[in-house]
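A.B. asks: Quick one: sequence plus predicted model below, questions after.
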Number of protein chains: 2
Amino acid sequence: MPDFDKLDKAIHEKGRLSIMTLLATRMAWSFQDLKAELSMSDGNLITHLRTLHKLGLVAVTKEIRDRPQTSYALTEKGRSAFQEYLRVLEQIVKAGRK
Amino acid sequence: MPDFDKLDKAIHEKGRLSIMTLLATRMAWSFQDLKAELSMSDGNLITHLRTLHKLGLVAVTKEIRDRPQTSYALTEKGRSAFQEYLRVLEQIVKAGRK
DNA sequence: AAGATAACTTTGTAATACAAAGCTTGGAAG
DNA sequence: CTTCCAAGCTTTGTATTACAAAGTTATCTT
């Protein structure tokens, strides 16, 4: 049976799960790209990003490049936490497909 | 990219996801078995079950069998909603493993 | 009748998602 | 320089909801 206790609550929430998935597919995403891809409000997006950042799962890079532009990327900790999370998802899929 | 919009919110919540997964593996579960397996409080468990029932995803059968015993099972709708949900999980796993 | 257990219901608290609107900073255009 | 705009962030408010704990009802056992 899947190990539901290991379903990291911070990652599991829909908005943050979306963010984490995107961050896992590319090295770095700008705030604008995330916002466009996920169609979230500024406030909601940044709150989720901050939550993930506070937990050490996401790194924030601010650079000024034409316009000010902030980029977000997974930390090592974030990457492994996400892989761990995915492991539980796999268990669920496996159990649910039976 | 995964279709996050299709992540049914009712199913996605951790407690209900656990329930749905268990219900998908066996035809029917008694209230007591669910409670033992998930170590949830009575109130919390029944609230989740009622939420799922109201949405038509879970069927409730009350029988009196030695002690009163209520059983819960997926409806057809519940089964297909869950499969749809699992399809999104698979997309997430696939995207996240890259 | 008394007790025990299943299955609820009720109540209260704390967390949190989300939108909307405002603020701030930096660059570009006049 | 100042006006404008967009990026990023903060604040505020609302509404939802998870969850625990305690109380209630109904049914079976002794």
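C.D. replies: Okay, I see it. Numbering: from 1, shown residues only, chains lettered A, B, ... in the order given.

A.B. asks: contacts and neighbour counts: CA atoms only from here.
C.D. replies: Noted.

A.B. asks: Enumerate the residues of chain A near chain B.
C.D. replies: With CA under 8 Å from any CA of the partner chain as the criterion, chain A meets chain B at residues A:4, A:7, A:12-14, A:18, A:21-22, A:24-25, A:82-83, A:86, A:89-90, A:92-93, A:95-98.

A.B. asks: try 6 Å
C.D. replies: A:21, A:24, A:86, A:93, A:96 (CA under 6 Å from any CA of the partner chain).

A.B. asks: tell me which element the first one falls in.
C.D. replies: Using DSSP states H and E, residue A:21 falls within helix A:14-25.

A.B. asks: and if you look at the fourth one?
C.D. replies: Using DSSP H and E, residue A:93 sits in helix A:76-97.

A.B. asks: Beyond the helix holding residue A:21, next helix or strand please.
C.D. replies: Next element after helix A:14-25 (DSSP H and E): strand A:29-30.

A.B. asks: returning to that earlier point: what angle separates the helix holding residue A:93 from helix A:14-25?
C.D. replies: Relative orientation of helix A:76-97 and helix A:14-25, computed by axes from the mean of the first three to the mean of the last three CA atoms, to 10 degrees: 110 degrees.

A.B. asks: thinking again about what came up before, what's the most distant pair in the residues of chain A next to chain B?
C.D. replies: Using CA to CA, the pair of those lying farthest apart is A:24 and A:96, separated by 24.7 Å.

A.B. asks: Excluding chain neighbours, give the residue nearest to residue A:16 in space.
C.D. replies: By the measure of CA to CA, 6 or more residues apart in numbering or on different chains, the closest residue to residue A:16 outside its immediate chain neighbours is residue A:48, 6.0 Å from it.

A.B. asks: mind checking how far the one you found is from residue A:35?
C.D. replies: From residue A:48 across to residue A:35, the span is 12 Å (CA to CA, to the nearest Å).

A.B. asks: and if you look at residue A:94?
C.D. replies: 32 Å.

A.B. asks: Among the residues of chain A next to chain B, which one sits closest to DNA strand C?
C.D. replies: residue A:21 (14.6 Å; CA to the nearest atom of the strand).

A.B. asks: And for the spatially closest residue to the closest one that is not a sequence neighbour, the neighbour number?
C.D. replies: Excluding the flanking residues, the one nearest residue A:21 by CA to CA, 6+ apart is residue B:96, at 5.7 Å. Residue B:96 is flanked by 21 other residues according to other CA atoms under 10 Å in any protein chain shown.

A.B. asks: Looking at residue B:96 now. What's its pLDDT?
C.D. replies: Model confidence at residue B:96, given as pLDDT, is 95.

A.B. asks: With residue A:66 instead?
C.D. replies: For residue A:66, the pLDDT comes out at 69.

A.B. asks: Lowest-scoring secondary structure element of chain A by mean pLDDT?
C.D. replies: The helix or strand of chain A with the poorest confidence is strand A:58-65; it has a mean of 87 (mean pLDDT, DSSP states H and E).

A.B. asks: do that one and DNA strand C meet?
C.D. replies: Yes: using CA under 7 Å from any atom of the strand, strand A:58-65 reaches DNA strand C at residue A:64.
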